[in-house]
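**Student:** Fold the following, please.
(one chain, ligands or ions: 1)
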Amino acid sequence: MKAIVLYSGGLDSVLALGLIHRLGIEVQPLHLALPFQPSPPKKSGSTMAENLFREFGLKLKTLALEEEFLRMVEHPRFGRGKQLNPCIDCRVLMLETCGAMLPEFKADFIVTGEVLGQRPMSQHRQALELIDRKSGLQGLVLRPLSARCLEPTIPELKGWVSREALLGISGRGRKEQLALAREWNIHGFDAPGGGCLLTDAGYVRKLRNLMKADMLNISNLRWIQYGRYFSLDQECKMMVARNERECELLAAQALDQDILLRPENTSGPTALIRGESRSEHLDLAAAIVAYYCRAGAQAEISIRRVSSREEKRVFREPLPESRLRSMLIS
Ligand code: SF4
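**Tutor:** Sure, this is the predicted structure:
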(Lines give C-alpha, C1' and ligand atoms only; values in the text may rest on other atoms or scores of the structure.)
Protein backbone atom coordinates (compact mmCIF):
# COMPACT_ATOMS: atom_id res chain seq x y z
CA MET A 1 0.00 0.00 0.00
CA LYS A 2 1.05 3.58 -0.47
CA ALA A 3 0.40 6.72 1.61
CA ILE A 4 0.78 10.42 0.97
CA VAL A 5 2.41 11.88 4.07
CA LEU A 6 1.51 15.50 4.68
CA TYR A 7 4.90 16.88 5.59
CA SER A 8 4.91 20.26 7.39
CA GLY A 9 8.61 20.58 8.11
CA GLY A 10 8.17 19.89 11.83
CA LEU A 11 9.22 16.97 13.95
CA ASP A 12 5.77 15.38 14.26
CA SER A 13 5.30 14.93 10.53
CA VAL A 14 8.80 13.48 10.25
CA LEU A 15 8.03 10.98 13.01
CA ALA A 16 4.70 10.05 11.37
CA LEU A 17 6.51 9.50 8.09
CA GLY A 18 9.22 7.41 9.76
CA LEU A 19 6.68 5.29 11.60
CA ILE A 20 4.68 4.46 8.48
CA HIS A 21 7.79 3.88 6.38
CA ARG A 22 9.12 1.46 8.99
CA LEU A 23 5.88 -0.52 8.71
CA GLY A 24 6.69 -1.25 5.09
CA ILE A 25 4.21 1.20 3.56
CA GLU A 26 5.42 3.09 0.52
CA VAL A 27 5.35 6.81 1.31
CA GLN A 28 5.18 9.99 -0.74
CA PRO A 29 5.97 13.11 1.29
CA LEU A 30 3.95 16.13 0.22
CA HIS A 31 4.63 19.63 1.48
CA LEU A 32 1.88 22.19 1.02
CA ALA A 33 3.53 25.60 1.15
CA LEU A 34 1.21 28.18 2.66
CA PRO A 35 1.54 31.90 2.08
CA PHE A 36 1.50 32.56 5.83
CA GLN A 37 4.59 30.60 6.67
CA PRO A 38 7.63 32.80 7.17
CA SER A 39 9.99 32.81 4.24
CA PRO A 40 12.75 31.92 3.75
CA PRO A 41 12.11 28.62 5.61
CA LYS A 42 14.11 27.83 8.72
CA LYS A 43 17.26 26.01 7.72
CA SER A 44 17.38 23.43 10.48
CA GLY A 45 13.93 22.01 9.73
CA SER A 46 14.70 21.56 6.06
CA THR A 47 18.08 19.94 6.82
CA MET A 48 16.47 17.40 9.16
CA ALA A 49 13.98 16.41 6.49
CA GLU A 50 16.57 16.32 3.70
CA ASN A 51 18.62 13.82 5.72
CA LEU A 52 15.63 11.64 6.36
CA PHE A 53 14.42 11.69 2.76
CA ARG A 54 17.93 10.80 1.60
CA GLU A 55 18.07 7.91 4.07
CA PHE A 56 14.70 6.57 2.91
CA GLY A 57 15.28 7.38 -0.79
CA LEU A 58 12.23 9.68 -0.96
CA LYS A 59 11.49 12.68 -3.13
CA LEU A 60 9.57 15.49 -1.53
CA LYS A 61 6.81 16.99 -3.63
CA THR A 62 5.98 20.63 -2.83
CA LEU A 63 2.84 22.41 -3.86
CA ALA A 64 2.00 26.04 -3.13
CA LEU A 65 -1.51 26.86 -1.92
CA GLU A 66 -1.89 30.55 -2.59
CA GLU A 67 -5.05 32.20 -3.93
CA GLU A 68 -7.35 29.51 -2.54
CA PHE A 69 -5.71 29.96 0.86
CA LEU A 70 -6.14 33.74 0.73
CA ARG A 71 -9.84 33.50 -0.10
CA MET A 72 -10.25 31.08 2.81
CA VAL A 73 -8.56 33.52 5.21
CA GLU A 74 -10.99 36.23 4.17
CA HIS A 75 -14.09 34.05 4.50
CA PRO A 76 -13.53 31.04 6.77
CA ARG A 77 -16.47 28.65 7.13
CA PHE A 78 -15.50 27.33 10.55
CA GLY A 79 -14.31 30.44 12.34
CA ARG A 80 -10.93 31.60 13.49
CA GLY A 81 -8.61 31.00 16.42
CA LYS A 82 -7.28 33.75 18.69
CA GLN A 83 -5.94 35.75 15.78
CA LEU A 84 -6.82 35.44 12.09
CA ASN A 85 -5.99 31.73 11.90
CA PRO A 86 -8.83 29.73 10.32
CA CYS A 87 -7.29 26.42 11.42
CA ILE A 88 -10.18 24.09 10.63
CA ASP A 89 -10.69 25.52 7.13
CA CYS A 90 -6.95 25.36 6.64
CA ARG A 91 -6.74 21.67 7.53
CA VAL A 92 -9.79 20.90 5.37
CA LEU A 93 -8.16 22.65 2.41
CA MET A 94 -4.88 20.81 2.95
CA LEU A 95 -6.55 17.43 3.19
CA GLU A 96 -8.79 18.12 0.18
CA THR A 97 -5.65 18.95 -1.77
CA CYS A 98 -3.96 15.74 -0.61
CA GLY A 99 -7.09 13.75 -1.39
CA ALA A 100 -7.18 15.10 -4.94
CA MET A 101 -3.60 13.87 -5.37
CA LEU A 102 -4.22 10.27 -4.28
CA PRO A 103 -4.81 9.06 -7.89
CA GLU A 104 -1.75 10.94 -9.21
CA PHE A 105 0.52 9.21 -6.70
CA LYS A 106 -1.44 5.95 -6.88
CA ALA A 107 -1.74 6.23 -3.11
CA ASP A 108 -4.38 4.64 -0.89
CA PHE A 109 -4.56 6.89 2.16
CA ILE A 110 -3.17 9.96 3.83
CA VAL A 111 -0.89 10.26 6.85
CA THR A 112 -0.44 13.37 8.98
CA GLY A 113 1.70 14.15 12.03
CA GLU A 114 -1.22 15.61 13.97
CA VAL A 115 -1.42 14.77 17.66
CA LEU A 116 -4.74 14.61 19.46
CA GLY A 117 -5.14 17.60 21.80
CA GLN A 118 -1.92 19.30 20.77
CA ARG A 119 -3.53 22.37 19.21
CA PRO A 120 -6.62 23.89 20.76
CA MET A 121 -8.59 24.69 17.63
CA SER A 122 -7.92 21.98 15.08
CA GLN A 123 -6.64 18.93 16.95
CA HIS A 124 -9.34 18.03 19.45
CA ARG A 125 -11.39 14.94 18.68
CA GLN A 126 -14.47 16.67 17.22
CA ALA A 127 -12.33 18.98 15.10
CA LEU A 128 -10.37 16.06 13.62
CA GLU A 129 -13.62 14.26 12.79
CA LEU A 130 -15.10 17.41 11.26
CA ILE A 131 -11.97 18.01 9.17
CA ASP A 132 -12.00 14.45 7.83
CA ARG A 133 -15.71 14.67 7.00
CA LYS A 134 -15.54 18.07 5.32
CA SER A 135 -12.53 17.09 3.25
CA GLY A 136 -14.40 14.02 2.02
CA LEU A 137 -11.74 11.70 3.45
CA GLN A 138 -13.49 10.09 6.38
CA GLY A 139 -11.54 6.99 7.43
CA LEU A 140 -8.69 7.68 5.05
CA VAL A 141 -6.62 9.99 7.24
CA LEU A 142 -4.28 8.08 9.51
CA ARG A 143 -2.59 9.95 12.36
CA PRO A 144 0.00 7.40 13.46
CA LEU A 145 1.23 9.36 16.49
CA SER A 146 -2.25 9.36 18.07
CA ALA A 147 -4.00 6.53 16.20
CA ARG A 148 -4.62 4.40 19.29
CA CYS A 149 -6.58 7.24 20.92
CA LEU A 150 -8.75 7.71 17.81
CA GLU A 151 -11.35 5.65 15.97
CA PRO A 152 -9.74 2.98 13.76
CA THR A 153 -9.27 4.18 10.18
CA ILE A 154 -9.75 2.22 6.95
CA PRO A 155 -6.01 1.36 6.67
CA GLU A 156 -6.20 -0.20 10.16
CA LEU A 157 -9.57 -1.91 9.65
CA LYS A 158 -8.43 -3.43 6.36
CA GLY A 159 -5.16 -4.59 7.88
CA TRP A 160 -2.93 -2.44 5.65
CA VAL A 161 -1.40 -1.07 8.85
CA SER A 162 -1.26 -2.81 12.20
CA ARG A 163 -2.99 -0.68 14.84
CA GLU A 164 -0.71 -2.22 17.50
CA ALA A 165 2.33 -0.74 15.78
CA LEU A 166 0.89 2.78 15.97
CA LEU A 167 1.15 5.17 18.91
CA GLY A 168 -1.31 6.67 21.36
CA ILE A 169 0.20 10.08 22.07
CA SER A 170 -2.11 12.92 23.11
CA GLY A 171 -1.81 16.35 24.65
CA ARG A 172 0.53 19.27 24.33
CA GLY A 173 3.62 17.65 25.89
CA ARG A 174 6.47 16.63 23.62
CA LYS A 175 8.24 14.06 25.78
CA GLU A 176 7.27 11.01 23.75
CA GLN A 177 8.06 12.68 20.42
CA LEU A 178 11.47 13.80 21.67
CA ALA A 179 12.22 10.33 23.02
CA LEU A 180 11.34 8.82 19.63
CA ALA A 181 13.50 11.39 17.86
CA ARG A 182 16.43 10.41 20.10
CA GLU A 183 15.80 6.71 19.49
CA TRP A 184 15.73 7.25 15.71
CA ASN A 185 18.70 9.58 15.82
CA ILE A 186 16.79 12.51 14.34
CA HIS A 187 18.47 15.83 15.10
CA GLY A 188 18.31 19.44 14.10
CA PHE A 189 14.59 20.12 14.33
CA ASP A 190 13.19 23.45 15.46
CA ALA A 191 11.28 23.99 18.67
CA PRO A 192 7.62 23.19 18.03
CA GLY A 193 4.80 25.68 17.81
CA GLY A 194 4.43 28.98 16.02
CA GLY A 195 5.46 29.18 12.42
CA CYS A 196 2.09 30.37 11.13
CA LEU A 197 2.02 34.12 10.75
CA LEU A 198 -1.76 34.11 11.13
CA THR A 199 -1.25 33.43 14.84
CA ASP A 200 1.26 36.26 15.28
CA ALA A 201 -0.48 39.31 16.78
CA GLY A 202 1.95 41.84 15.27
CA TYR A 203 1.72 40.38 11.77
CA VAL A 204 -2.06 40.13 12.04
CA ARG A 205 -2.36 43.85 12.88
CA LYS A 206 -0.59 44.65 9.59
CA LEU A 207 -2.68 42.09 7.77
CA ARG A 208 -5.95 43.53 9.06
CA ASN A 209 -4.85 46.97 7.87
CA LEU A 210 -4.13 45.54 4.40
CA MET A 211 -7.49 43.75 4.35
CA LYS A 212 -9.29 46.99 5.24
CA ALA A 213 -7.56 48.65 2.30
CA ASP A 214 -8.54 45.78 0.00
CA MET A 215 -4.83 45.11 -0.60
CA LEU A 216 -4.74 41.44 0.34
CA ASN A 217 -2.68 39.52 -2.17
CA ILE A 218 0.25 37.11 -2.15
CA SER A 219 3.04 39.60 -2.81
CA ASN A 220 1.74 41.95 -0.09
CA LEU A 221 1.73 39.12 2.44
CA ARG A 222 5.43 38.54 1.88
CA TRP A 223 6.12 42.24 1.76
CA ILE A 224 4.79 42.90 5.29
CA GLN A 225 6.83 40.11 6.87
CA TYR A 226 9.96 42.14 7.39
CA GLY A 227 10.37 45.68 8.63
CA ARG A 228 8.22 48.42 10.12
CA TYR A 229 4.83 48.87 8.52
CA PHE A 230 3.36 52.34 8.07
CA SER A 231 -0.14 53.08 6.89
CA LEU A 232 0.39 56.43 5.19
CA ASP A 233 -3.31 56.48 4.43
CA GLN A 234 -6.08 54.08 3.45
CA GLU A 235 -4.57 53.31 0.04
CA CYS A 236 -0.86 53.85 0.53
CA LYS A 237 1.41 51.73 2.73
CA MET A 238 5.14 51.71 3.41
CA MET A 239 7.64 49.19 4.79
CA VAL A 240 10.88 50.45 6.37
CA ALA A 241 13.71 47.98 6.93
CA ARG A 242 15.12 47.57 10.44
CA ASN A 243 18.52 46.17 9.54
CA GLU A 244 20.77 45.30 6.62
CA ARG A 245 19.14 41.95 5.96
CA GLU A 246 15.70 43.54 5.78
CA CYS A 247 17.06 46.20 3.41
CA GLU A 248 18.05 43.37 1.05
CA LEU A 249 14.77 41.47 1.54
CA LEU A 250 12.71 44.59 0.86
CA ALA A 251 14.70 45.52 -2.23
CA ALA A 252 14.35 41.94 -3.50
CA GLN A 253 10.56 42.10 -3.15
CA ALA A 254 10.14 45.42 -4.95
CA LEU A 255 7.55 45.40 -7.71
CA ASP A 256 7.80 47.63 -10.79
CA GLN A 257 5.14 50.06 -9.57
CA ASP A 258 6.57 50.39 -6.02
CA ILE A 259 8.48 53.46 -4.91
CA LEU A 260 11.92 52.83 -3.43
CA LEU A 261 13.48 55.24 -0.92
CA ARG A 262 17.10 55.18 0.17
CA PRO A 263 19.25 57.56 2.21
CA GLU A 264 22.21 58.91 0.24
CA ASN A 265 24.32 61.01 2.59
CA THR A 266 24.14 58.78 5.64
CA SER A 267 23.47 55.25 6.74
CA GLY A 268 19.81 54.42 7.18
CA PRO A 269 17.06 52.10 6.05
CA THR A 270 15.66 51.18 2.67
CA ALA A 271 11.91 51.76 2.42
CA LEU A 272 9.31 50.69 -0.09
CA ILE A 273 5.96 52.36 -0.77
CA ARG A 274 3.10 50.37 -2.25
CA GLY A 275 -0.38 51.45 -3.27
CA GLU A 276 -1.79 54.75 -4.55
CA SER A 277 1.01 57.20 -3.78
CA ARG A 278 0.80 60.96 -4.32
CA SER A 279 3.48 63.62 -3.78
CA GLU A 280 2.40 64.24 -0.17
CA HIS A 281 2.94 60.53 0.54
CA LEU A 282 6.47 60.74 -0.85
CA ASP A 283 7.24 63.76 1.35
CA LEU A 284 5.91 61.98 4.39
CA ALA A 285 7.78 58.78 3.54
CA ALA A 286 11.09 60.62 3.08
CA ALA A 287 10.66 62.25 6.50
CA ILE A 288 9.98 58.83 8.03
CA VAL A 289 13.16 57.43 6.46
CA ALA A 290 15.03 60.52 7.74
CA TYR A 291 13.79 59.71 11.26
CA TYR A 292 15.65 56.39 11.13
CA CYS A 293 18.83 57.86 9.59
CA ARG A 294 21.92 58.87 11.45
CA ALA A 295 22.23 62.20 9.67
CA GLY A 296 20.92 64.32 12.51
CA ALA A 297 19.22 67.42 11.13
CA GLN A 298 18.69 66.56 7.46
CA ALA A 299 19.00 63.42 5.43
CA GLU A 300 19.26 63.27 1.66
CA ILE A 301 16.80 60.66 0.41
CA SER A 302 16.61 59.29 -3.11
CA ILE A 303 13.13 58.41 -4.34
CA ARG A 304 12.40 56.48 -7.50
CA ARG A 305 9.79 54.23 -9.00
CA VAL A 306 11.29 50.74 -9.21
CA SER A 307 10.62 50.43 -12.95
CA SER A 308 12.29 53.76 -13.70
CA ARG A 309 15.89 54.97 -13.70
CA GLU A 310 14.89 58.51 -12.92
CA GLU A 311 15.29 59.45 -9.32
CA LYS A 312 14.47 62.48 -7.27
CA ARG A 313 16.61 63.54 -4.32
CA VAL A 314 15.22 65.49 -1.41
CA PHE A 315 16.60 66.75 1.91
CA ARG A 316 14.25 65.99 4.77
CA GLU A 317 14.13 66.56 8.48
CA PRO A 318 13.00 63.61 10.59
CA LEU A 319 9.25 63.35 11.06
CA PRO A 320 8.24 64.20 14.65
CA GLU A 321 7.92 61.00 16.67
CA SER A 322 4.26 61.46 17.64
CA ARG A 323 3.24 61.83 13.98
CA LEU A 324 5.35 58.82 13.04
CA ARG A 325 3.81 56.66 15.77
CA SER A 326 0.31 57.51 14.58
CA MET A 327 1.03 55.73 11.28
CA LEU A 328 3.18 52.87 12.57
CA ILE A 329 1.37 49.56 12.88
CA SER A 330 3.36 47.08 14.94
S1 SF4 B 1 -1.98 27.65 12.57
FE2 SF4 B 1 -1.98 28.43 10.45
S3 SF4 B 1 -1.07 26.74 9.23
FE4 SF4 B 1 -1.67 25.89 11.22
S5 SF4 B 1 -3.72 25.09 10.88
FE6 SF4 B 1 -3.96 27.16 11.68
S7 SF4 B 1 -4.13 28.47 9.86
FE8 SF4 B 1 -3.28 26.50 9.19
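**Student:** for the ligand, what are the nearby residues on the stretch 1-150 of the chain?
**Tutor:** For the stretch 1-150 of the chain, the residues in contact with the ligand (C-beta under 6 Å from any ligand atom) are 34, 85-87, 90-91, 122. (C-beta placed from N, C-alpha, C; glycine too.)
**Student:** at 5 Å instead, please
**Tutor:** Within the stretch 1-150 of the chain, the positions lying close to the ligand (C-beta under 5 Å from any ligand atom) are 85, 87, 90.
**Student:** Out of the residues you listed, grab the one that's most surrounded.
**Tutor:** Taking other C-beta atoms under 10 Å to define a neighbour, the member of those with the most is Cys90, carrying 25 neighbours.
**Student:** That residue: what's its closest spatial neighbour, skipping adjacent residues?
**Tutor:** Nearest non-adjacent residue to Cys90, counting by C-beta to C-beta, 6 or more residues apart in numbering: Met72, 6.9 Å away.
**Student:** thinking that neighbour is in contact with Pro86, fair?
**Tutor:** Yes: with contacts defined as C-beta atoms under 8 Å, Met72 counts as touching Pro86 at a distance of 6.1 Å.
**Student:** Tell me which of these two has more neighbours.
**Tutor:** Each of Met72 and Pro86 has its neighbours counted (other C-beta under 10 Å); Pro86 has more, 23 against 16.
**Student:** Run through the residues that contact the more buried one.
**Tutor:** Counting by C-beta atoms under 8 Å, 6 or more residues apart in numbering, Pro86 makes contact with 72-73, 76, 78-80, 198.
**Student:** Looking at the residues of the stretch 1-150 of the chain next to the ligand, which are in helices?
**Tutor:** Among these, the subset assigned to helices under DSSP state H consists of 87, 90.
**Student:** Could you tell me how many residues sit around Gly99?
**Tutor:** Neighbours of Gly99 under the rule other C-beta under 10 Å: 18.
**Student:** Tell me the buried residues in whatever helix or strand the residue nearest to Cys90 lives in?
**Tutor:** If you go by DSSP states H and E, Met72 is part of helix 67-74. Buried positions in helix 67-74, judged by neighbour count with 16 or more other C-beta atoms under 10 Å: 69, 72-73.
**Student:** With stretch 261-275 instead?
**Tutor:** Going by 16+ other C-beta under 10 Å, stretch 261-275 has these buried residues: 261-263, 268-275.
**Student:** Any stretches of the protein with poor pLDDT?
**Tutor:** Low-confidence segments of the chain, defined by pLDDT under 70: 38-47, 190-194, 295-296.
**Student:** Tell me which stretches of it form helices.
**Tutor:** So, for the chain - with DSSP H - the helices run 11-22, 43-56, 67-74, 87-101, 125-134, 154-157, 175-183, 201-212, 218-223, 244-253, 279-291, 321-327.
**Student:** mind putting those helices in TSV, distance to Arg304 included?
**Tutor:** Formatted as TSV, the helices of the chain follow (distance: least, C-beta to C-beta, whole Å):
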stretch	distance to Arg304
helix 11-22	45
helix 43-56	34
helix 67-74	30
helix 87-101	39
helix 125-134	48
helix 154-157	59
helix 175-183	50
helix 201-212	24
helix 218-223	18
helix 244-253	12
helix 279-291	10
helix 321-327	22
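**Student:** Deepest-packed of the ones you listed, please.
**Tutor:** Mean neighbour count (mean count of other C-beta atoms under 10 Å) peaks for helix 11-22 among those, with a mean of 23.
**Student:** tell me which strands and helices that one is in contact with?
**Tutor:** strand 2-6, strand 26-33, helix 43-56, strand 109-111, helix 175-183 (3 or more C-beta pairs under 8 Å, 6 or more residues apart in numbering; DSSP states H and E).
**Student:** closest one to Val240 among the ones you listed?
**Tutor:** Evaluated over the helices and strands packed on helix 11-22, closeness to Val240 peaks at helix 43-56, with 26.3 Å, by C-beta to C-beta.
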